[in-house]
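# have a look at this prediction, sequence included:
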Amino acid sequence: MQRTSQPVRRWRATDVLAAGAMLAIAVAVSFNAWQDLILIAIRDEEASHIFLVPVAAAWIAWMRRDALLRCQPRGHMLGPLLIAIGWILWAVGYHQDIECFWHGGAVLMAVGAAISVLGAEVLREAWPAFVVLVFLVPVPGMLRQSISQPLQTMTAHATQSVAEIIGLQVDRWGNGLVVNGREVTVAEACNGMRMVFALFLVSYLFAFITPLRPYVRLLVLAACPITAVCCNVIRLVPTVWLYGHLSAEQAGRFHDVSGWAMVVVGFLILGGIVKVLRWAMLPVTHYSLATSA
């Protein structure tokens, strides 16, 4: 007897509405954590990259749209499991004052709510779009300092070298750079390396919106610290000169304006890495993201 194949379940507007409703409920339950996330992103410049995370997740999902459209939306027990784990983290973080648990639990509950309706197949096809949501969780202070301090030292060394190459007289004292008799610390000029995590996010986004082979993606992600240092040196050389020759207000204004421009520079640097690999005749890409995972 010949078996009849089951009809393929197509996407409907009700699927999207149901997922949106579940997501709204999860956010409402943990609203205090989401509210705190937004306030941190507004007040703390080192966490301002949080506003880019939804854009990055949507961009990655769009690049995998063909694979997502082939998924059959169906509920899955993984969703409630993620909600339960997220709720535990959120509750423990709130009562024990562990912010990364509090915020991370809220994000995990939202992911679980969406998966409860959309299904595990969507998670499998668009997992990079879900993983990027980790960047919504503000980095704890100790971890942030352990990352930024070595990068500040590397940036100070590199900035002095580049400045001397182009003819600027710059002396270095620890993480301080002296130009025209005025000392400017890297922390002051780059405000705690506030663009580091934004550049990490850019590297992750580039790795998963470009149809790269796995080893190239790993290379792009591993190059994050180098990309961050390069971008900050490009930003620091004119900034340090301005701090040494103009008022601190004028130098600070240039620093603020040039900050987000470094996101574009980061993209260009990563694109240059891929071009170098192609020039070296190494296999870089092998499929279209819109049609395959």
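Nice, thanks for sending it over.

# correct me if wrong, but L177 is in a strand.
Yes. Counting by DSSP: H, G, I helix; E, B strand; the rest coil, L177 is found in a strand.

# pretty sure it contacts A158?
No. Here L177 does not reach A158: they are 10.9 Å apart, not a contact under Cβ atoms under 8 Å. Bear in mind the C-beta positions are built from the backbone N, C-alpha and C, glycine included.

# give me the more crowded residue out of the two.
Remark: of L177 and A158, L177 carries more neighbours, 29 against 16, as counted by other Cβ atoms under 10 Å.

# just the pLDDT for the more buried one.
pLDDT for L177: 76.

# which residues are in contact with the residue positioned nearest the centre of the chain?
By Cα atoms, centre = their mean, the chain has its centre lying nearest to L201, at 2.2 Å. Taking Cβ atoms under 8 Å, 6 or more residues apart in numbering, we find L201 in contact with 49, 52-53, 56, 132, 135.

# where do the helices sit along the stretch 51-200 of the chain?
Ranges of helices in the stretch 51-200 of the chain, per DSSP state H, counting those that start in this stretch, are 53-63, 65-69, 78-96, 99-118, 120-125, 127-131, 141-165, 186-190, 196-209.

# worst average pLDDT in the ones you listed?
What stands lowest among those, in mean pLDDT terms, is helix 186-190, with a mean of 55.

# over to R213: give its phi and psi.
phi -70, psi 160 (degrees, to the nearest 10).

# and the one 10 residues further on, by the same measure?
Here is the backbone geometry of A223 (degrees, to the nearest 10): phi -80, psi 0.

# now do I166
Dihedral angles of I166 (phi, psi; degrees, to the nearest 10) stand at phi -90, psi 10.

# residues of the helix or strand containing I269 that come out buried?
Element membership of I269, judged by DSSP states H and E, is helix 248-279. Within helix 248-279, the residues that count as buried by 16 or more other Cβ atoms under 10 Å are 251-252, 254-255, 258-259, 262-263, 265-267, 269-270, 273-274, 277.

# ok, stretch 218-236 next?
By neighbour count on 16+ other Cβ under 10 Å, the buried set for stretch 218-236 is 219-220, 223-225, 227-236.

# hmm, who's touching that stretch?
151, 154-155, 158-159, 162, 177, 186, 189-190, 193, 195-196, 199-200, 202-204, 206-207, 212, 255, 258-259, 262, 265-266, 269-270, 273-274, 277.

# switch the cut-off to 7 Å
By Cβ atoms under 7 Å, 6 or more residues apart in numbering, the surrounding residues in contact with stretch 218-236 are 151, 154-155, 158-159, 162, 189-190, 193, 195-196, 199-200, 203-204, 206-207, 258, 262, 265-266, 269-270, 273.

# swap in stretch 17-29?
Taking Cβ under 7 Å, 6+ apart as the rule, stretch 17-29 contacts 34, 83, 109-110, 113-114, 116-118.

# out of the residues you listed, which end up buried?
Buried by 16+ other Cβ under 10 Å: 34, 83, 109-110, 113-114, 116-118, out of the contacts of stretch 17-29.

# any chance of those in TSV, plus distance to W62?
Formatted as TSV, those follow (distance: Cβ to Cβ, whole Å):
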residue	distance to W62
W34	24
I83	26
M109	24
A110	19
A113	21
A114	16
S116	22
V117	19
L118	16
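
# pick out whichever of the residues you listed sits closest to T14.
Proximity of the buried ones among the contacts of stretch 17-29 to T14 (Cβ to Cβ) peaks at V117, which lies at 9.7 Å.

# contacts only, for that closest one.
Applying Cβ under 7 Å, 6+ apart to V117 gives the contacts 15, 18-19, 22, 73, 75.

# kindly reformat the residues you listed as CSV containing distance to W62, neighbour count and pLDDT.
CSV is the format used below for those (distance: Cβ to Cβ, whole Å; neighbours: other Cβ atoms under 10 Å; pLDDT from 0 to 100):
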residue, distance to W62, neighbour count, pLDDT
D15, 17, 17, 84
A18, 21, 17, 91
A19, 16, 20, 90
M22, 21, 21, 94
P73, 17, 20, 81
G75, 24, 15, 76
